[in-house]
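>>> Need the 3D shape of this:
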Amino acid sequence: MAEIITLDKIQDQIFALQKEGAKPGYMIGFPTLDSLYSVKEGRTTILYGHPTSGKTQLHIQILTALTCSHGKRHLLHTPETGSPAEIYAEIIHCLTGKTFDKRSINYHITEKELYNVIPFVKDFFKVIDVDEKGLGFDEWLDLTDQAIKDYGIFTSSADNWNDLEHDNTGMISEYLKKRLPQFNRHARKNKTHNFLIAHARNPQMEKGDKFPSAPRPDEIEGGSVWYAKAINLICVHRDYEEKADGWTQSNDVQVIIRKIKKRVEGKKGTAKLTFDWFQNCYYENQGERIYLPTPFKPNLESLQIVPF
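Residues are numbered from 1 along each chain as shown. Sure, this is the predicted structure:
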C-alpha cells in the first residue's frame, strides 16, 4: 500500500532532523572499519565474496559487537554453519574466545564458562531451524516479523541467499529486481537492519594477477542488480599467500565497502582485518592487535597456544 505524504504531515520530523543532525549508525569497534561503515536502523547490508572468504565469521562478529556495545538482539538463518547447536556454539566461541574442540587444550571452553555465557546468548540471539522443505523468502520475512514482535530483535540475517527457497522460474535478474527492494522496504518499515550474505562465483584470475582478485558485485549470480538495488554492499575477500606447492588463502581479510547509500553512514574504502582461528574472531592490526571487547573473554595473551 502506498500513500502521498505532504510536508505538513512530517514537518516536525524535518525540524527534529535539523536540530539533531543526520547521524551514522552503530559502530562495530574496529577503527578503520568504523570510518567506512555503520549499522543504521531501517537499512540493509549485503555481504558477498568467494566461498570460504570469511563472510559468516565477519557477520557473526558484527552481530556480537552490536550486542556487546549497543545491546542489540538478533535472528539468524545460517544453515551452512550447521545445526542450531553448532550455530550457537559459533556465537559462544566468538564471545568467549573458547572453542568446543577438545584438541585445543587451553582454549577448550569449561562447563563453568559455558554456564556463564548461556544466559547472555539466550537473551540476545535467536536461530531459525528448518525442515527438509527449506525456508522460503516470504517465510523468512514472516519469521523476522514474529521475532521483532516476540523478542525485540534489531537484525535479521539470511546466510546465505542460496539457502533460501525461491519461487522463481524466470530470469534471476528480474527476480532480484522484485525481491531486493522488498528486503530493503522490510527493514525500513520496521526500523531494523537486515543482513544478506551472497556467494560470488569461484575465484577468477585476471590477466597479469598473481592471485585471484576480489570479486566484483556482478560476479554474484544475477549480475549487476545486486549493486543497483543494494543499500550497503560489502565484499569480504581473503588475501592469498604463496606456498612451495602454489598459493593458499591467508588469515588476512579485506573488507571492501563497495556501496553506501547514505554518505553520513559510511563511504567506499577498504578495512584490513585478520582472523584469529583460536578465538574465532577478527582483530585489526595497528601496531598492536585490536580485538573487540566482550564481557566473557579472559586475558588470552597469558594463555599458551597449543597447536592441533
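>>> This protein: strands as residue ranges?
43-49, 74-77, 125-127, 135-136, 155-159, 164-165, 193-199, 232-243, 246-260, 269-276, 281-285, 289-291 (DSSP state E).
>>> quick one: which of those is nearest residue 109?
When the strands of the chain are compared by C-beta to C-beta, strand 281-285 sits nearest residue 109, at 14.2 Å. All C-beta atoms are positioned from the backbone trio N, CA, C, and that covers glycine.
>>> and the angle for the closest one with strand 246-260?
80 degrees (axes from the mean of the first three to the mean of the last three C-alpha atoms, to 10 degrees).
>>> Now strand 281-285: buried residues?
Buried residues in strand 281-285, counted by 16 or more other C-beta atoms under 10 Å: 281-284.
>>> likewise stretch 13-24?
Of the residues in stretch 13-24, those buried (16+ other C-beta under 10 Å) are residue 24.
>>> do the same with stretch 163-179
Of all the residues in stretch 163-179, those buried under the rule 16+ other C-beta under 10 Å are 163-164, 175-176, 179.
>>> Quick check: residue 271 vs residue 67, distance?
20 Å (C-beta to C-beta, to the nearest Å).
>>> Kindly report the same for residue 105.
For residue 105 relative to residue 67 (C-beta to C-beta), the value is 29 Å.
>>> go on, residue 259?
26 Å.
>>> the more surrounded of the two?
residue 67 (23 against 18; other C-beta atoms under 10 Å).
>>> Does residue 195 touch residue 48 like I think?
No. Using C-beta atoms under 8 Å, residue 195 is not in contact with residue 48, being 11.4 Å away.
>>> All the helices of the chain, in order from the start?
Residue ranges of the helices in the chain, as given by DSSP state H, are 11-20, 31-34, 55-70, 84-96, 111-124, 137-151, 172-190, 225-229.
>>> Stretch 147-156: end-to-end distance?
Using C-alpha to C-alpha, to the nearest Å, one end of stretch 147-156 lies 9 Å from the other.
>>> Give the buried residues for it.
In stretch 147-156, residues buried by neighbour count (16+ other C-beta under 10 Å) are 147-148, 153-156.
>>> just for the stretch 201-308 of the chain, where's the confidence low?
Filtered on pLDDT under 70, the stretch 201-308 of the chain yields the residue ranges 204-210, 244-246, 298-308.
>>> Go again with 90.
Across the stretch 201-308 of the chain, residues meeting the criterion (pLDDT under 90) sit at 201-213, 239-250, 286-287, 293, 297-308.
>>> burial count for the residue lying closest to residue 262 once chain neighbours are set aside?
The shortest distance from residue 262 to any residue other than its chain neighbours is 7.2 Å, reached at residue 40 (C-beta to C-beta, 6 or more residues apart in numbering). Residue 40 has 23 neighbours, counted by other C-beta under 10 Å.
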